[in-house]
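**Student:** Provided below are the primary sequence and the corresponding predicted coordinates.
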Amino acid sequence: MKLLLVGPPADDSIRQLLQEWGHEVVHTPHAEQAQPWLRGVEGVLVSGRDIAEEISRRPIPPDVRPRPFLLALLPASNEPVPLEALLAAAVDDYLIAPFEPSRLRTRLEWLGRRRTAGMQATQKGPPSRGELERLTAIIQTQNDVALAGLEMDTVMRLIAERALELSGATGASVALVEGEELVYHVAIGSQTPHRGFRLKLAHSLSGMSILRGEVLHTRDTENDPRVNVTATRQINARSMIVVPLQRGGTGMGALNVIYGEPNAYDDLDVRTLELMGQLLGAAMINASEFEAKGTLVAEFADTLAALQQSQELFYSFMNQSPLIAFMKDDSGRRTWVNEAYARFFRRSAEAMVGMTDAELFTASQAERMRMEDQSVLTTGQRFCAEQLVLSPEGTEHHWLIHKFALRDAFGRHLLGGVAVDITARKSAEEALRRSEESFRTLIEGLPEAIFVHRGGHLLYINPAGLTFLGHGSAEGLDGASLLELIHPDDREVAASVLKGEENSIREVRFLRAGGQPVEAELSAMRLLFDGEAATVVSARDVTERKQMQSRLLLADRLASVGTLAAGIAHEINNPLAFVLSNLGFLEQECQRLMGELPPEPLREMQEVLSETHQGAERMRHIMRDLRTLSRDDGEQLSAVDVREVLESSLRLVRNELRGRAQVVKDFEPVPVVWASEIRLGQVFLNLLINAAQALPANQPERNEVRVRVRAIGTHVIIEVTDTGSGIAPEVRDRIFDPFFTTKPVGTGTGLGLSICHGIVSGLGGEISVESELGKGTTFRVVLPAAPASPKLLGNKSSST
């Protein structure tokens, strides 16, 4: 085919595609330049929305015969398709980008065939049916439709019969849209067997006609890509005319005539069917309006009946309801009350009509109600309040009353009111308030930490809880997440307890204000708090109990070790005495032989013997410490001044401390203790040596060892504090264990602090440690004062 492409140069790809398909293509960018080419082409392709609208202002002249088909290629856009412009330009079809090349090729082939078929039909000439005869038949049909009334099936069948008769078709039908389908309600002629036939709206020429609102026809269904060939073959249709039936711009259905042969109709048939479709559409609109009016009348009658039934139901409901309800006019007289209102005043509902507030209440109550009523009627604003009302017997009742303005059918102002007797609820609220006050008093006095939360957010914390967390006040904790107060490693365990859904107790670590963890037993239960469901959590500090358990365990271990140590020391001391005696003899013999034998071999032998003797002496010291650990030294206890023992111990370690720290003594008045002076000296000496070894050498001006003695009640407290590097938390609980040491290999045996613990425990006292990395360590010894020793020793404090 020879085609004219009207559009910008950017559409060169379309021209190349058309040429590849074997078409001869003429291209012009503007609509005004297209006129000279119209007589020599079979089809015109308009590319672009603007060009299509411009073509509508420059339509194809009527003298251009045969008329080329017109196909619009429109770009994708959110704006609606310019249908008015396309109709004005007599566009035969359009495609919206993006489209497959196969669709364009099929559309061109179909338009070309339709143009050829139209030319052939024109050359044959129209059938011999006069236009005047048809016009007369259409007028008669219009009269017959008017006489047929508003019965739609009758009107649709009449139109179908006249359409079949006037168009010379083999079959006619009327199909109506139902959802996404076309349903054939009337079918005559060759289409009679297909009454009730259903067809997808989007997949047929009839559906396309309805959706576009245009009369569509096909001269050969077998060669028309718009046609559902499967459906047309079922009804034996080779050519077809479809007229859309519309109401208010919406497609209702279609009038359809078919022919068993191709090219079986002319333009007069198309115009005739279009007029018949208009008659049927108008009749359907009239029938629809009549049906709507009938429906409206029926609905009005139903509404009236429903209103009467609703009024009866309203009175029945209000009389059965426990609500107290009434209506008053603008003068304060009751126009209606329900039975609950009448029962309260021991009257009948009919007897209360016309009564005023002054007849039912005290003068002050009646005046107050009159002012409330006038305010509601004047402003139109609702009124709601709790009021105290006396029954006829003088019993107090609490009402929650609502008042509002109304108008009756005659426009009169009325006051409506409903009230709920909340006397029982007020009593329950008062009881609940007293219960909550008692509950709050109880938990505020408990020594355990109590937290109340709702949904994980704190609502309340008692004074013990503030102390437990190290907070001076609850400021900043209100609304905080309770889970965030728990150590991150324990939050998963705590989360199940905090729900309060199971009765379980778990040990978790809380975080105090400074970030230090504190262990507690956690339990929770659900109950009402401030009138709403909440969870009460109890946290019992188990830190002291844990420490006591650890001490008891350690004491038990030390007792076992002491028993073992006593046996070991006894068994080793005897052979060790032989070793030391023989070593002494060998050393003397080596001295005697120095003048008789060469000196070099003897000197080497002497060194070996000396080292062996030192090792044996070290073993003897270890055995002595083991005997001390066994607490079986048999020494006598006496009244001891701990200050004098400390002074003696300080003199022994003077050289050790001199190059490492300044010694500060802070001795307060203290009573004597009942102890062994030798064993106490051993404890203090060990603590002072440990303090010295915790400090770096040659920096005495930067470090300090403080020794403090004080009395608290019936106990004497001795503290040795250094400013050294401190003890790591992971080893702090093990420093009193036998044979545990943090010193380098060969420096310590790990028995010093263990022996100190055994000595202090044997005297009925306690030894503990406090340490922080980077800040230093404090060892604290607590000893009971000796009986009958109220006299305190004097103050002593100094710094060296």
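**Tutor:** That came through fine. Numbers count the residues shown, from 1 in each chain.
**Student:** use CA for all of it now, contacts and neighbours both
**Tutor:** Will do.
**Student:** any idea how the protein splits into domains?
**Tutor:** 2-124, 131-292, 321-421, 427-541, 558-629, 638-799 (automatic domain parsing).
**Student:** pLDDT at the residue nearest the centre of the chain, what is it?
**Tutor:** Of all residues in the chain, the one closest to the mean position by Cα atoms, centre = their mean is Gly455, 13.8 Å from it. Looking at Gly455, its pLDDT is 83.
**Student:** Mind checking the domains of the chain for the one nearest to Phe314?
**Tutor:** Smallest distance to Phe314 across those (Cα to Cα): 10.3 Å, for domain 321-421.
**Student:** and of the domains of the chain, who's closest to Phe300?
**Tutor:** domain 131-292 (12.1 Å).
**Student:** List the contacts of Arg105.
**Tutor:** Arg105 makes no contacts at all, as judged by Cα atoms under 8 Å, 6 or more residues apart in numbering.
**Student:** if you skip the residues just before and after it, what's nearest to the residue nearest to the centre of the chain?
**Tutor:** Once flanking residues are discounted, Gly455 sits nearest to Ala534: 7.9 Å by Cα to Cα, 6 or more residues apart in numbering.
**Student:** from what I can see that neighbour touches Phe451, true?
**Tutor:** No. Contact criterion Cα atoms under 8 Å: Ala534 and Phe451 do not qualify, at 10.4 Å.
**Student:** Show the contacting residues for the residue lying closest to Val683 once chain neighbours are set aside.
**Tutor:** Nearest non-adjacent residue to Val683, counting by Cα to Cα, 6+ apart: Cys756, 5.1 Å away. Residues near Cys756 by Cα under 8 Å, 6+ apart: 682-683, 686.
**Student:** Kindly report the same for Val46.
**Tutor:** With contacts defined as Cα under 8 Å, 6+ apart, Val46 is in contact with 5-7, 52, 70-73.
**Student:** Among these, which has the minimum pLDDT value?
**Tutor:** Scanning these for pLDDT, the low point is Ala52. It has 70.
**Student:** Assign a three-state SS to it, would you?
**Tutor:** Classification of Ala52 using DSSP: H, G, I helix; E, B strand; the rest coil returns helix.
**Student:** Test my guess that it contacts Glu84.
**Tutor:** No. Between Ala52 and Glu84 there is no contact under Cα under 8 Å: 10.5 Å.
**Student:** more neighbours, these two?
**Tutor:** Set side by side, Ala52 and Glu84 show more neighbours around Ala52, with 26 against 11, by other Cα atoms under 10 Å.
**Student:** For Asp530, which non-adjacent residue is closest in space?
**Tutor:** Nearest non-adjacent residue to Asp530 (Cα to Cα, 6+ apart): Glu436, at 7.2 Å.
**Student:** Need phi/psi at that neighbour.
**Tutor:** phi -70, psi -40 (degrees, to the nearest 10).
**Student:** and it, how many residues sit next to it?
**Tutor:** Glu436 has 16 neighbours, counted by other Cα under 10 Å.
**Student:** Using CSV, write out every CA atom in stretch 266-280.
**Tutor:** Presented in CSV, the C-alpha positions along stretch 266-280 are these (Å, rounded to 0.1, in the frame of the first residue of the first chain):
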residue,chain,number,x,y,z
ASP,A,266,-24.9,-0.5,2.5
ASP,A,267,-24.7,2.9,4.2
LEU,A,268,-28.5,3.3,4.2
ASP,A,269,-28.7,0.1,6.3
VAL,A,270,-26.2,1.5,8.8
ARG,A,271,-28.2,4.8,9.1
THR,A,272,-31.4,2.9,9.5
LEU,A,273,-30.0,0.7,12.3
GLU,A,274,-28.6,3.8,14.0
LEU,A,275,-32.1,5.4,14.1
MET,A,276,-33.6,2.2,15.4
GLY,A,277,-30.9,2.1,18.1
GLN,A,278,-31.8,5.6,19.1
LEU,A,279,-35.5,4.7,19.4
LEU,A,280,-34.7,1.6,21.5
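**Student:** where along the stretch 401-550 of the chain do the helices fall?
**Tutor:** All helices of the stretch 401-550 of the chain, identified by DSSP state H, counting those that start in this stretch, fall at 423-445, 463-469, 491-498, 543-592.
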